[in-house]
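A.B. asks: Need a 3D model of the sequence below.
(one chain, ligands or ions: 1)
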Amino acid sequence: MRSKEYCRPAHSSPANFNHLARIYRWAEWFTFGPILSKCRVEFLPAMKSQQSALVIGDGDGRFTARLLQQNSRVVVDALDASEGMLQELKRRAAPNASRIHALNLDAREFIAPSHHYDLIATHFFLDCLTTDEVARLAAGLREGVAEGALWVVSDFAVPNTRYAKLPAQLLITALYKAFGILTGLRIRHLPDHVTALARSGFKLMQRRERLGGLLASELWQAY
Ligand SMILES: C[S@@+](CC[C@H](N)C(=O)[O-])C[C@H]1O[C@@H](n2cnc3c(N)ncnc32)[C@H](O)[C@@H]1O
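C.D. replies: Next up, the predicted model:
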């Protein structure tokens, strides 16, 4: 659905993941095995009492399906620019369809209803944005959540350690090139989401690294 109340004017077109939607899960499995899924669910136990979640760049709904299974009260606004991904999400989370509100929107246009959400999730999505876009998104979202709301982030990262840094940079460059070809994604560098979230009124509560720091799961909280 596309609703005016959620929109502000867009700039460029978002990356197009439609034709990847059905194979996305398998492509991920063949490249990274189960490790990205482990990142997504890292902080799931902290979300048992949340009631209103916004999952941005939700993709094929694997995280949302797990969240809805574990928490029988939570209602999820699942936002994604790809209609194909949202179709996959609805199929996957069908047993809890009444608690899903699918928003086919560009996240950069999204205006969150004030103090509505107590959970935000962005798994492998912020890396589709520039640092400025993440900063604008975070500032807008801070207006849309109450104090104490959680924000879970999973993403690639460049580790600081001497031997891990270069291979990680090479892998991330290769991934950006591949997604550039496959989806038209124009971003070529990871955004500095840590500064953007910290400046917008979110505090980093926990961080878990995997693959020597190439992957990070983070739990942030609005203050
Ligand atoms: C790399 S995939 C990650 C999907 C999912 N969160 C996961 O963990 O597998 C990025 C997702 O973000 C969506 N996306 C990219 N740019 C977007 C934007 N500007 N607004 C909304 N969704 C966007 C894509 O359609 C895609 O589903």
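
A.B. asks: ok, and for the lengthiest strand in the chain, which residues are buried?
C.D. replies: For the chain, the longest strand by residue count, based on DSSP state E, is strand 145-156. Under the neighbour-count criterion of 16 or more other Cβ atoms under 10 Å, strand 145-156 has 145, 149-156 buried. (Glycine included, C-beta is placed from N, CA and C.)

A.B. asks: Give the helix, strand or coil label for whichever residue of the chain sits closest to the ligand.
C.D. replies: Ranking the residues of the chain by distance to the ligand (Cβ to the nearest ligand atom) places Gly59 first, at 2.5 Å. For Gly59, the secondary-structure state derived from DSSP: H, G, I helix; E, B strand; the rest coil is coil.

A.B. asks: pretty sure it contacts Cys128?
C.D. replies: No - the pair formed by Gly59 and Cys128 falls short of the contact definition of Cβ atoms under 8 Å, at 10.6 Å.

A.B. asks: that older thread, from the buried residues of strand 145-156, which single one is nearest Lys38?
C.D. replies: Taking Cβ to Cβ as the measure, Lys38 lies nearest Ser154 of these, at 9.3 Å.

A.B. asks: per-residue confidence at that closest one?
C.D. replies: Here the pLDDT value assigned to Ser154 is 98.

A.B. asks: May I have the beta-bridge partners of it?
C.D. replies: For Ser154, the beta-bridge assignment (DSSP bridges) gives partners His123, Ser217.

A.B. asks: Let the chain start at 35 from now.
C.D. replies: OK, 35 is where the count begins now, so the last one is Ser188.

A.B. asks: how close does the residue of the chain closest to the ligand get to Glu76?
C.D. replies: With distances taken as Cβ to Cβ, to the nearest Å, Gly93 is found 17 Å from Glu76.

A.B. asks: neighbour count winner among the two?
C.D. replies: Set Gly93 next to Glu76 and count neighbours by other Cβ atoms under 10 Å: Gly93 wins out with 25 against 21.

A.B. asks: who's in contact with Ala99?
C.D. replies: Taking Cβ atoms under 8 Å, 6 or more residues apart in numbering as the criterion, Ala99 is in contact with 123, 126-127, 130.

A.B. asks: Could you report the neighbour count for Glu143?
C.D. replies: Neighbour number of Glu143 under other Cβ under 10 Å is 15.

A.B. asks: picking up where we left off before, so can I have JSON lines of the buried residues of strand 179-190 showing distance to the ligand?
C.D. replies: As requested, the buried residues of strand 179-190 are exported to JSON lines (distance: Cβ to the nearest ligand atom, whole Å):
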{"residue": "Val179", "distance to the ligand": "18"}
{"residue": "Ala183", "distance to the ligand": "19"}
{"residue": "Leu184", "distance to the ligand": "16"}
{"residue": "Trp185", "distance to the ligand": "14"}
{"residue": "Val186", "distance to the ligand": "11"}
{"residue": "Val187", "distance to the ligand": "11"}
{"residue": "Ser188", "distance to the ligand": "7"}
{"residue": "Asp189", "distance to the ligand": "9"}
{"residue": "Phe190", "distance to the ligand": "10"}
